[in-house]
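S.K.: got a predicted model here, sequence first, then my questions.
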Amino acid sequence: MHSKLFNLKEGRHFESASASMILSNRVNTYGQDLLKRYGMRVHKVALDAGFTCPNRDGTKGTGGCTFCNNASFSPATDSRLDVPGQIAKARVAIAKGTRARHFIAYFQAYTNTYADIAELEAMYREALAQPDIIGISVGTRPDCVSDAVLDLLETLRDEGLEVWLELGLQSAFDATLEKVNRGHTLEEYRHTALATRARGIPLCTHLIIGLPGEDEYHYHATLDRVLKIGVDGLKLHPLHVVKHTILAYQWRRGGYQPLLQNDYIRIAADLIERTPQHIVFHRVTATASKDILLAPTWCSQKWNVLNGIEHELRQRGTNQGDRVGKSHITEGIQHVA
Ligand code: SF4
């Protein structure tokens, strides 16, 4: 996708613009959406603002989600720097490889609404005050978004900034959420999603393909439930097993079997076809750095997956939205988007 994340440690792009442009012919990507709305390339800069998470500090739980090692979610971020330092470093890296000079500050690591509201506002505004930042995207949990947080995001949006709230739902099945120790329910997601969109704040929901005990029935039913509640953007992730997680322990003992690359590509293409055209895909796959990735190894090669999804859709002759309202049949169970 065009909204590129930059690997600050290596000072290079992770993403290939050419392949993302091809994917954008078939999928409504965030990069393409930004290009249409702003008339220029906009880069998303992932930030680690030093938050923690209520599912780690004892408020909701202590172990965190079974798959969570935040180093895998924001490999581009140099958390040794403060927020202005992280943005400044990204700007240098970007200047080497592209003419794009506009950015969205993406508060990615951990739970980026988990602080006093005055502290949050100071942090968001500090990022927004950096040169050429046109907006923010705030990643968080469904149970960690107060009315005060929504007030703040609404205020920023009313100031003309690009603003997104990103909610990690991962699955719409409470049994799965419990199994992976998410510490929240679908109902909490529904409540926050409705409140967010009622204020006109764009909502991007994160979904994981390949969670323990789930199959295509669950992925499609999760999509159906998220679409029914209402959403503006989606991120699809394959579940990867990374070091220092409970999932890694389960995988080593044979208790978890990761998806094959071809299955992920096919499932992602199916979900994209059943997603209405106006919904923006902020991501259709994810990667983890080789030093922490245990399985599946294909998750270290993001471009193979992106090219695979584009190829799959091209072979089918379909685009995003082509199967909205059509059934998805798996193992005799029919699902309608
Ligand atoms: S809610 Fe997010 S940061 Fe917290 S443990 Fe789960 S994946 Fe990690």
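M.R.: Received, thanks. Note that the coordinates shown come from a computational prediction; the quantities given were computed from them, not determined experimentally.
S.K.: from here on, just use CA atoms for contacts and neighbour counts.
M.R.: Noted.
S.K.: if I look at the spatially most central residue of the chain, how far off is residue 222?
M.R.: Residue closest to the mean C-alpha point of the chain, counted by Cα atoms, centre = their mean, is residue 235 at 4.2 Å. Look at residue 235 and residue 222: by Cα to Cα, to the nearest Å, they are 13 Å apart.
S.K.: what do you get for residue 33?
M.R.: 24 Å.
S.K.: now do residue 109
M.R.: In terms of Cα to Cα, residue 109 sits 24 Å off from residue 222.
S.K.: for these two, indicate the residue with more neighbours.
M.R.: Between residue 109 and residue 222, counted using other Cα atoms under 10 Å, the more crowded position is residue 109 (26 against 21).
S.K.: I'd guessed that one sits against residue 51; true?
M.R.: Yes - in this structure, residue 109 is within contact of residue 51 by Cα atoms under 8 Å, at 7.2 Å.
S.K.: look at the nearest residue to residue 256 once chain neighbours are set aside and say how many residues are nearby.
M.R.: Distances taken as Cα to Cα, 6 or more residues apart in numbering put residue 250 closest to residue 256, at 5.9 Å, once the chain neighbours are dropped. With neighbours defined by other Cα under 10 Å, the count for residue 250 comes to 15.
S.K.: so which residues on the protein come close to the ligand?
M.R.: Counting by Cα under 6 Å from any ligand atom, the positions of the chain adjacent to the ligand are 53, 55-56, 64-65, 68, 110-111, 141, 182.
S.K.: what about 5 Å?
M.R.: The interface of the chain toward the ligand, taken as Cα under 5 Å from any ligand atom, is made up of 53, 64-65, 68, 110.
S.K.: contacts for the helix or strand containing residue 156?
M.R.: For residue 156, the element it lies in under DSSP states H and E is helix 147-158. Contacts with helix 147-158, where a contact means Cα atoms under 8 Å, 6 or more residues apart in numbering, come from 113, 117, 121, 163, 196, 199-201.
S.K.: so where do the strands sit in the chain?
M.R.: For the chain, the strands defined by DSSP state E cover 6-7, 12-13, 42-47, 102-107, 133-140, 162-170, 203-209, 233-238, 241-242, 280-283, 293-295, 327-330, 333-336.
S.K.: check contacts around the closest residue to residue 44 other than its chain neighbours.
M.R.: In this structure, residue 44 finds its nearest non-sequential neighbour in residue 104, 4.7 Å apart by Cα to Cα, 6+ apart. Listed by Cα under 8 Å, 6+ apart, the contact partners of residue 104 are 42-45, 133-137, 162.
S.K.: thinking again about what came up before, pretty sure the residue nearest to the centre of the chain sits against residue 209.
M.R.: No - with contact defined as Cα under 8 Å, residue 235 does not count as touching residue 209 (10.5 Å).
S.K.: which stretches in this protein count as helices?
M.R.: 17-24, 30-38, 70-73, 83-97, 117-128, 147-158, 174-179, 186-198, 216-229, 246-252, 261-273, 302-316 (DSSP state H).
S.K.: winner for burial among these?
M.R.: With neighbours taken as mean count of other Cα atoms under 10 Å, the helices of the chain reach their highest mean count in helix 261-273, at a mean of 21.
S.K.: on that earlier part again, just the pLDDT for the residue nearest to residue 44.
M.R.: Looking at residue 104, its pLDDT stands at 96.
S.K.: can you check the one 4 residues further on too?
M.R.: What the model reports for residue 108 is a pLDDT of 94.
S.K.: give me the number of residues near it?
M.R.: 22.
S.K.: just give the nearest non-adjacent residue to it, would you?
M.R.: The nearest residue in space to residue 108 (Cα to Cα, 6+ apart) is residue 139, at 5.3 Å.
S.K.: for the one you found, what are its contacts?
M.R.: Contacts of residue 139 (Cα under 8 Å, 6+ apart): 106-113, 165-168.
S.K.: next: residue 231.
M.R.: 193, 197, 202-205, 279.
S.K.: against residue 210, how distant is it?
M.R.: 21 Å.
S.K.: swap in residue 104?
M.R.: When residue 104 is compared with residue 210 (using Cα to Cα), they lie 29 Å apart.
S.K.: and what of residue 159?
M.R.: With Cα to Cα as the criterion, residue 159 and residue 210 are 39 Å apart.
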